[in-house]
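[1] this one's sequence-less:
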């Protein structure tokens with residue numbers, strides 16, 4: 001849910017995302033320079049597809065290839081999305097839940113997607129088609145799952161077939177209507193209870209007001225509920241994770257506030273239950289106390305640069321972030337009073353500064369060939385439209401949508417649906433408004449300044465057609481616990497008891513190790529298939545039979561014809577290698593790669609092989625070349641080395 005002025009509280013916090021340089025193979029037209037101001041000429045409205053036309057244009061489920069989302073045929077599926085809000089709640093936290101004065105923009109959603117009291121579902125679908133959308137982000141509250149209350153008739157007045165339903169049953173009907181009309185649906189866990197966001201609202205983290213286990217169980221419930229519907233394409237794990245009164249969320253500390261760990265665990269559990277879903281993860285929306293002189297800010301996806309997620313299906317990860325002009329990298333968006341700081345807002349930045357910040361905070365993730373490479377979905381952005389005279393916000397919206405268009409970025413505007421009275425919107429941010437008689441007022445109708453920017457964004461040249469397969473690079477992080485991201489190994493007993501273990505996703509091999517930090521790097525470059533049988537745990541030197549390649553050092557070496565797919569550590573010392581049979585006959589000679597005195601990796605200038613990214617910051621790293629496999633590791637306890645990796649045995653794949 002967007003952090004809107006109407007919803008700001010004492011410690012309001014908003015979201016940010018950085019836009020990274022991305023390569024767009026096949027992009028038909030040259031993209032404008034980053035941050036370049038858009039042309040002022042109006043852009044034509046998008047051609048509206050019928051439900052049948054949209055349904056025929058793509059095939060579910062979705063997955064990823066590099067920085068792109070693709071459909072089941074391998075064609076690029078650009079998320080041109082909007083947020084249909086309401087099921088997360090519109091109540092602002094005090095007074096009667098059904099009093100318009102106590103609900104966001106005076107709009108009482110009754111904890112249902114907005115507008116069901118004013119327009120029939122087919123009419124709402126037609127409005128979404130008219131905007132050029134192909135996908136809907138559909139927020140929900142955890143409370144909805146257990147809410148047995150029957151919705152009042154007034155809440156579904158324009159859809160009487162929904163009378164007598166619970167909020168979850170209405171949500172079911174909305175999902176069914178959207179997907180039947182060709183739209184892709186992303187389920188978005190927005191809030192814990194039904195209170196409208198943001199700031200200190202009781203929904204700051206995934207485990208605010210509930211346990212992490214309950215949150216994961218709620219996700220498994222939702223994943224299983226829609227598993228058969230291949231147009232339900234994604235699980236957007238949590239909205240705008242931020243500080244509560246006492247504590248910050250973190251990225252990688254291994255405690256109960258560790259978003260990195262919680263999201264990876266939840267994502268992998270969801271994929272085990274429903275392997276077709278995209279797993280969509282936002283970064284940290286806010287850390288620190290927003291007071292001058294105290295550290296505070298909006299990390300968003302910056303931590304991904306050195307600690308990215310690895311899922312059991314590496315073609316299912318999408319990162320996400322939000323941008324609003326009135327917030328900033330260190331600005332909550334609060335206008336005055338508690339939570340207000342003098343830090344710049346995004347709308348205060350020049351086009352060049354805005355492009356640089358968006359790159360730094362998020363879209364760098366789209367750079368090819370890195371351990372963090374993934375699609376980035378700008379899953380919330382927006383501005384007040386009809387009736388707004390905020391010149392700074394208008395300039396920001398123009399600049400920001402120009403960046404999204406130039407970068408061919410996936411996006412979802414906030415929000416889609418609002419109410420109007422005699423042509424005056426109650427929530428000017430919505431793109432479609434309905435009055436009590438069901439009459440629609442659209443961003444495309446005269447008088448909404450956003451139309452040209454919106455149309456330029458939706459119709460911007462984009463990469464289309466087949467997306468080539470590319471090598472994947474994935475980080476293994478044993479800083480605090482196991483990281484078992486192999487479906488095969490998850491189904492088997494513990495292969496290295498009492499030690500922390502990292503297993504590459506099935507189909508990938510180990511290619512690099514960090515020295516003293518227990519990090520590893522996996523890849524499928526070269527597509528080395530492995531069979532289901534013949535996996536070996538190596539704990540000694542019994543397979544070092546072809547010469548002592550590291551004299552004076554202890555060695556763990558895979559059997560001939562095998563390659564390393566996992567490793568275990570005790571403390572930071574090497575304990576074991578997990579080896580799997582390679583497809584074909586890999587080379588049995590190679591080279592010894594030492595990294596005990598400095599990094600030894602492929603040149604960063606290659607721009608690929610994850611060589612331009614630091615997956616073990618502050619530690620030496622050893623990494624075989626993309627055409628090699630890791631056959632062995634050497635270490636010693638002499639000279640205070642402590643048994644950490646000092647050298648790798650790298651051999652050609654063929």
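    Noted; the coordinates are in hand. Remember, predicted model here, so these are calculated numbers, not experimental data. Numbering: from 1, shown residues only.

[2] For the spatially most central residue of the chain, give me its contacts.
    With distances taken as C-alpha atoms, centre = their mean, residue 319 lies nearest the centre of the chain, 2.1 Å away. For residue 319, the contacting residues are 280-283, 301, 304, 362, 365, 374-377, by C-beta atoms under 8 Å, 6 or more residues apart in numbering. Every residue, glycine included, has its C-beta placed from N, CA and C.

[3] Now, those that are in helices?
    Residues of these located in helices (DSSP state H): none.

[4] you'd agree the residue nearest to the centre of the chain is in a strand?
    Yes. The assignment for residue 319 by DSSP: H, G, I helix; E, B strand; the rest coil puts it in a strand.

[5] beta partners of it?
    residue 281, residue 376 (DSSP bridges).

[6] Quote the end-to-end distance of stretch 335-348.
    Counting by C-alpha to C-alpha, to the nearest Å, you get 14 Å between the two ends of stretch 335-348.

[7] Tell me where the stretch 551-654 of the chain is predicted with low confidence.
    Within the stretch 551-654 of the chain, no stretch falls below the threshold (pLDDT under 70).

[8] right, I mislabeled it, should have said the chain
    For the chain, the ranges with pLDDT under 70 are 1-42, 528-529.

[9] which residues in it form helices?
    Using DSSP H, the helices found in the chain span residues 51-56, 121-130, 142-145, 167-180, 212-225, 259-273, 351-361, 391-406, 451-458, 487-490.

[10] what sits up against the fifth one?
    When contacts are defined by C-beta under 8 Å, 6+ apart, helix 212-225 is touched by residues 140, 142, 145, 172, 187, 189, 206-207, 235, 237-238, 256, 262, 265-266, 269-270, 273-274, 277.

[11] from those, which would you call buried?
    Taking 16 or more other C-beta atoms under 10 Å as the criterion, what is buried in the contacts of helix 212-225 is 140, 142, 145, 187, 189, 206-207, 235, 237-238, 262, 266, 269-270, 274, 277.

[12] residue ranges for the strands of the stretch 501-650 of the chain, please.
    509-514, 519-523, 536-538, 554-557, 562-570, 573-581, 591-594, 621-623, 628-635, 645-652 (DSSP state E, counting those that start in this stretch).

[13] Parallel or antiparallel, which strands does the last one pair with?
    Yep, that's strand 645-652 we're talking about. According to DSSP bridges, strand 645-652 forms sheet pairs with strand 591-594 (antiparallel), strand 628-635 (antiparallel).

[14] before we move on, what about the first one?
    The sheet places strand 509-514 alongside strand 519-523 (antiparallel), strand 621-623 (antiparallel), with pairing taken from DSSP bridges.

[15] How about the residue in the chain that sits furthest from its center?
    residue 547 (46.6 Å).

[16] What number of residues are in the vicinity of residue 288?
    Other residues within reach of residue 288 by the criterion other C-beta atoms under 10 Å amount to 15.

[17] do residue 366 as well
    Neighbour tally, residue 366, other C-beta under 10 Å: 27.

[18] Please apply the same query to the one 5 residues further on.
    Residue 371 is surrounded by 27 other residues when neighbours are defined as other C-beta under 10 Å.

[19] Single out the most deeply packed of the strands of the stretch 501-650 of the chain.
    Greatest average neighbour count among those goes to strand 509-514 (a mean of 29), per mean count of other C-beta atoms under 10 Å.

[20] Tabulate the helices of the chain (CSV), appending distance to residue 591.
    Below are the helices of the chain laid out as CSV (distance: least, C-beta to C-beta, whole Å):
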stretch, distance to residue 591
helix 51-56, 53
helix 121-130, 57
helix 142-145, 53
helix 167-180, 53
helix 212-225, 44
helix 259-273, 34
helix 351-361, 37
helix 391-406, 43
helix 451-458, 50
helix 487-490, 29
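
[21] Tell me which of those helices sits nearest to residue 521.
    helix 259-273 (16.3 Å; C-beta to C-beta).

[22] what's the closest one packed up against?
    Helix 259-273 sits against helix 212-225, strand 278-282, with contacts defined as 3 or more C-beta pairs under 8 Å, 6 or more residues apart in numbering; DSSP states H and E.

[23] Which stretches in the stretch 201-350 of the chain count as strands?
    Counting by DSSP E, counting those that start in this stretch, one finds strands in the stretch 201-350 of the chain at the ranges 232-236, 278-282, 287-288, 296-297, 317-324.

[24] With distance to residue 574 added, can I get the ones you listed in JSON lines?
    Listed next are these as JSON lines, based on distance: least, C-beta to C-beta, whole Å:
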{"stretch": "strand 232-236", "distance to residue 574": "36"}
{"stretch": "strand 278-282", "distance to residue 574": "31"}
{"stretch": "strand 287-288", "distance to residue 574": "34"}
{"stretch": "strand 296-297", "distance to residue 574": "37"}
{"stretch": "strand 317-324", "distance to residue 574": "28"}
